[in-house]
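Chemist: show me how the following folds:
(one chain, ligands or ions: 1)
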Amino acid sequence: MSRQICPDEDNTYLHLGRLIQNQSYGRERKEVRLEHLCLDLIRREEETLVVAEVKKSSRAREAARMQLAFYLYELEQMGVEAEGELLFPEERRRERMVLDPELARQVENLKARVRALILAPSAPLPTRIRFCARCAYAEFCWA
Ligand code: SF4
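Modeler: Numbers count the residues shown, from 1 in each chain. Model prediction:
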């Protein structure tokens, strides 16, 4: 993102993910852009603002958790208190998340590591992992 590199818009799994996001949770408000954040869904539950992230599957659950934790952290920095919810509609599963001090510390560490990567003179060489086969950025790594 810092280099304005966009994913391959023809990637099947990207389309599938967007389709699942659009066809699920029809009554809830969708895709809200707030400064640098792009939130899949937001809703109010009495006094609580809930921000949700929709994922096709829980295979990359940890990455999804950190993405949502980042959103909660950034919202907190803006003075917006919210709770998070990870949604896996294909698996009929949802997980609630709260930004506690330990999770906030993990987000701060990750932000520092990403900042160091952005400031590095060149990108590190890619390492093939199990997500590469479906990744919408694969052409940049392996073409
Ligand atoms: S290393 Fe694999 S998962 Fe990471 S950006 Fe490249 S193709 Fe995608």
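Chemist: contacts only, for Tyr137.
Modeler: Tyr137 makes contact with Ile5, Pro7, Asp8 under the criterion C-beta atoms under 8 Å, 6 or more residues apart in numbering. All C-beta spots, glycine's among them, are computed from the backbone N, C-alpha and C.
Chemist: correction: the previous question concerned Glu95.
Modeler: Glu85, Leu86.
Chemist: pretty sure it sits in a strand.
Modeler: Yes. Under DSSP: H, G, I helix; E, B strand; the rest coil, Glu95 falls within a strand.
Chemist: who touches the biggest strand by length in the chain?
Modeler: Longest strand in the chain by number of residues (criterion: DSSP state E): strand 37-45. Strand 37-45 has contacts (C-beta under 8 Å, 6+ apart) with 21, 25, 28-33, 49-54, 71, 74-75, 82, 87.
Chemist: for the chain, which helix is longest?
Modeler: If you go by DSSP state H, the chain has its longest helix at helix 101-119.
Chemist: what about the very next helix or strand once past it, distance to the chain center?
Modeler: Of the helices and strands lying after helix 101-119 in sequence (DSSP states H and E), the nearest is helix 138-142. Relative to its parent chain, helix 138-142 has a centroid offset of 20 Å by C-alpha atoms, centre = their mean, to the nearest Å.
Chemist: assign a three-state SS to Gly17, would you?
Modeler: Applying three-state DSSP: Gly17 is helix.
Chemist: before we move on, the earlier item: can I get the longest strand of the chain as PDB, trimmed to CA atoms?
Modeler: The C-alpha trace of strand 37-45 is given here as PDB (Å, rounded to 0.1, in the frame of the first residue of the first chain):
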ATOM      1  CA  LEU A  37      -9.200   2.300   7.300                       C
ATOM      2  CA  CYS A  38     -11.600   0.300   5.200                       C
ATOM      3  CA  LEU A  39     -14.100  -1.400   7.500                       C
ATOM      4  CA  ASP A  40     -16.200  -4.200   6.100                       C
ATOM      5  CA  LEU A  41     -19.200  -3.700   8.400                       C
ATOM      6  CA  ILE A  42     -20.100  -1.600  11.300                       C
ATOM      7  CA  ARG A  43     -23.200  -1.700  13.600                       C
ATOM      8  CA  ARG A  44     -24.300  -0.400  16.900                       C
ATOM      9  CA  GLU A  45     -25.200  -2.800  19.700                       C
END
